[in-house]
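[1] Requesting a structural model of the entry that follows:
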Amino acid sequence: MSERLRPLDMQFLSTETATTPMHVATLDLFETPPGGLDFDRLVATICDRIAFVPRYRQRVRTLPGGLLSPVWVDDDSFDLSYHVRRSALPRPGTMAQLRDLVARIMSRRLDHQRPLWETYLIEGVDRGRYAILTKSHQSLVDGTTVDLGQLIVDDTPDPAPTPAVTWSPDRRRSGTELLGEALLAAVRDPATAASLVTGQVRAARRLAEQVTSSAAAMLGWDGSPPGPLGTELSEQRRFETLDTRLADYLSVRHEHGGSVNDVILATLAGALRAWLLMRAEPVSRSTTIKTLVPVSVTDDEFAEPTSLGSQVTPHLIDLPVGEPNPVMRLHQVSYAFRSHVETGRAVSASKLAEISGFAPTTFHALGARVAGAHSPRSYELVITNVPGPQFPLFAAGARLLASYPLLPLAPGHALAIGVTSYDGQVFYGLDADRDAMPDLDVLGQCIAEALDELVEASAPGRVRTSRGGASRPGASRSQSSRALTRKPKKRPRAKKAAESADPDVSTTDPRPDLEPG
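    Modelled structure (predicted):
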């Protein structure tokens, strides 16, 4: 019997528009192997691994009348060459060119008449690199089905052969036959039928909200959330990336406590503050940005089940962008996560990093689902932060160098931020509306400078504020303030990240008690 779409999946499909495409993506950078890029080997790897995610060979089929939810059916004309595409950058193949190409690909919706995913192999990236962009619809990756990007990487350049799996699509069934199956299932399981009806009502309600917002926009109100990050979306996107060192976050955590996740969020708070000030936006000490941060928990009866050993739930915090002191921002973020820590259900980042494959791609998709289930006006910004393994991974013999997540924009939201740690580094992916944020690269620079500011304030011998917010004994308040706001010095970038860095870098693990030793 065909599997029916969940209510949330129906909502994603029914409310998707040209200005709000509902897909999540990951841009991975690889080092070209000594023998050169073997495209056929990469396609063969995807062909083999897709057997572990049958949903990637299925498409959505609506039922006659539209009263019952659509179902997943095998695509009897499945064509891998349509979904795995090959592209190349013109010389010199800079990161700016790559980001521009990715932004254009992310602006286009997926074809609902085919399986809801695409993978792009992008050649010609400078310094002998190439990129893989995996793009999947939010209804496709639901925790029971993991993202394909998690499966195509291996721990070694030459993994053991994947057992051959022969696949042929199920026979094509008529709409009347599918409708009969759905009605029979509803009779056998009234509770499931009731939940599906509820899902239809929710999808219809969300569609009505969009229609109302469109009507309001004609009257001069675009339905965006309040604050500087609210906007009427265009159909085009802008993408920015940033590479940072995990060791910097660990040094700040070692000095001030909390978690690496707290340091990342405090860094983003400082970056948003600087960016707003550069835009001449009004910023007072009480200014905050309501932020939705998905977190991993265990045993949550209200969260969707997953096959990854944990569930993802939302956590709303007010990023303290009005606080001028970088360390005080850090303490405020740590305090905002205390309620989550005290539940005892938080999942450690080290546990998530141990999941086979490259789990961040799946967890970012789950985080996007959590955000998509909430009213866009209940928050201003989404930040997902997921830990990856702290050792090299490979795909078709090529070493994975960097991984940048791309989150979809909710209606009226100008910006979404994804963060992934991997092999001693922390990578940022910033997805934004092209018209609303022409200065997205400036925000990326502000993130680097905000991190430098925190590291400088945490340097050995510097006077710092204690966890309670007061100065250390023997230091006056004015001395502490001057030490924390001093302009950071430029630091030489390390040639190689520490191999032994602690992988505690996830919003899924905001607990302060995971420091080694």
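[2] What distance do you get for the one residue sitting closest to the centre of the chain to Thr313?
    With distances taken as C-alpha atoms, centre = their mean, His364 lies nearest the centre of the chain, 3.5 Å away. Distance of His364 to Thr313, given as C-beta to C-beta, to the nearest Å: 15 Å. Placement of C-beta: from N, CA and C, glycine included.
[3] And the pLDDT for the nearest residue to Leu110 once chain neighbours are set aside?
    What sits nearest to Leu110 in space, not counting adjacent residues and going by C-beta to C-beta, 6 or more residues apart in numbering, is Leu116, at 5.0 Å. pLDDT for Leu116: 97.
[4] what residues are up against Leu116?
    23, 59-60, 110, 136-137, 139-140 (C-beta atoms under 8 Å, 6 or more residues apart in numbering).
[5] Could you rerun that using 10 Å?
    Leu116 is in contact with 9, 12-13, 22-23, 55-56, 58-60, 83, 109-110, 135-141, counting by C-beta atoms under 10 Å, 6 or more residues apart in numbering.
[6] Out of the residues you listed, list just those in strands.
    Counting by DSSP state E, those place 23, 58-60, 135-137 in strands.
[7] average pLDDT across stretch 395-414?
    On average, stretch 395-414 scores 95.
[8] Only C-alpha atoms, please: export it in CSV.
    The C-alpha trace of stretch 395-414 is given here as CSV (Å, rounded to 0.1, in the frame of the first residue of the first chain):
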residue,chain,number,x,y,z
ALA,A,395,33.1,10.9,-1.8
ALA,A,396,34.1,8.8,-4.8
GLY,A,397,37.7,9.0,-3.7
ALA,A,398,37.7,12.8,-3.3
ARG,A,399,38.3,14.4,0.1
LEU,A,400,35.6,16.6,1.5
LEU,A,401,37.1,20.0,2.3
ALA,A,402,34.1,22.2,3.4
SER,A,403,30.3,22.0,3.8
TYR,A,404,27.9,24.9,3.7
PRO,A,405,24.2,24.5,4.5
LEU,A,406,21.5,26.4,2.7
LEU,A,407,18.1,26.9,4.5
PRO,A,408,14.9,27.9,2.8
LEU,A,409,13.5,31.4,3.5
ALA,A,410,10.1,31.5,5.3
PRO,A,411,7.5,33.9,3.9
GLY,A,412,8.6,37.5,4.8
HIS,A,413,12.0,36.4,6.0
ALA,A,414,15.1,38.0,4.4
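[9] so Leu121 sits in a strand?
    Yes. Judged by DSSP: H, G, I helix; E, B strand; the rest coil, Leu121 forms part of a strand.
[10] Run through the residues that contact the spatially closest residue to it that is not a sequence neighbour.
    Closest residue to Leu121 apart from its sequence neighbours, by C-beta to C-beta, 6+ apart: Arg86 at 5.0 Å. Arg86 makes contact with 39, 42-43, 119-123, according to C-beta under 10 Å, 6+ apart.
[11] Now the element after the host helix or strand of Arg369, going C-ward?
    Arg369 is located in helix 360-372, with elements delineated by DSSP states H and E. Using DSSP H and E, the next helix or strand after helix 360-372 towards the C-terminus is strand 381-387.
[12] May I have the strands that pair with that next one, each with its orientation?
    strand 289-297 (parallel), strand 415-422 (parallel) (DSSP bridges).
[13] Mind checking the pLDDT average for the helix or strand that the shortest one is followed by?
    Stepping forward along the backbone from strand 415-422, the first helix or strand reached (DSSP H and E) is strand 425-433. When pLDDT is averaged over strand 425-433, the result is 98.
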